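> Build me a structure from this.
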Amino acid sequence: MLKILIIHGPNLNLLGTREPGIYGVVTLAKINQMLKSQAKKSKTRLVIKQSNHEGEIVDFIGEAGKNKFQGILINPAAYTHTSVAVRDAVAACGLPVVEVHLSNIYSREEFRHKSLISPVARGTILGFGAQSYLLGLAAICDLIESK
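This is a model prediction of the structure:
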């Protein structure tokens, strides 16, 4: 059985009501439910975390190996563009990491066009709304199983 850490970054707890024209109306609880349903079909165990705090996200990533996770699926949200600390944690963790985003960051404001995470992640999936998470979960499982 695979064990995957899912990390939702800042403000994702507001999904469903936060800028629905950009992020849609699907709540974080619904996304988590969709992820759990997909994981159950593939006999994958998920541990799901959400934090608005950069240091806590860094801790989740840093402790992932010790906690026997085999991969990480992360939506770093705003920290995508600003956090060297999250970037360094991803680079140092020694696990495959897939970055996901609900929106297409390259079709948005100029400051969102640079991801500090993408260069150290195995891959990035963006722009497909909640489906980005499901595609990301399939990708991280595939990466681990093909090792």
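> Next up, the contacts around the residue of the chain most remote from its centre.
Centroid-distance maximum for the chain: residue 110 at 21.5 Å, with Cα atoms, centre = their mean. Counting by Cβ atoms under 8 Å, 6 or more residues apart in numbering, residue 110 touches no other residue. For glycine as for every other residue, the C-beta is placed from the backbone atoms N, C-alpha and C.
> so how far is residue 81 from it?
10 Å (Cβ to Cβ, to the nearest Å).
> Over to residue 109?
10 Å.
> Which one's more surrounded, these two?
When neighbours are counted by other Cβ atoms under 10 Å, residue 109 and residue 81 differ, and residue 81 comes out ahead with 16 against 8.
> How are the helices of this protein distributed by residue range?
20-23, 28-41, 54-62, 79-82, 84-92, 131-145 (DSSP state H).
> Which residues belonging to the third one are considered buried?
Meaning helix 54-62. 54, 57-58, 60-61 (16 or more other Cβ atoms under 10 Å).
> burial measure for residue 13, as a count.
Going by other Cβ under 10 Å, the residues that sit close to residue 13 add up to 15.
> no wait, residue 86
Residues near residue 86, counting by other Cβ under 10 Å: 24.
> Next, the contact list for it, please.
Per Cβ under 8 Å, 6+ apart, neighbours of residue 86: 54, 57-58, 61, 76, 79, 116-117.
> Tell me the one of those nearest residue 16?
Checking these against residue 16 by Cβ to Cβ gives residue 76 as the nearest, at 19.6 Å.
> So for the closest residue to residue 136 other than its chain neighbours, what's the pLDDT?
Spatial nearest neighbour of residue 136, chain neighbours left out: residue 100 (4.0 Å); criterion: Cβ to Cβ, 6 or more residues apart in numbering. On the pLDDT scale, residue 100 is placed at 98.
> so who does residue 100 touch?
73-75, 124-126, 132-133, 135-136.
> Show the buried residues in the residues you listed.
Buried among those by 16+ other Cβ under 10 Å: 73-75, 124-126, 132-133, 136.
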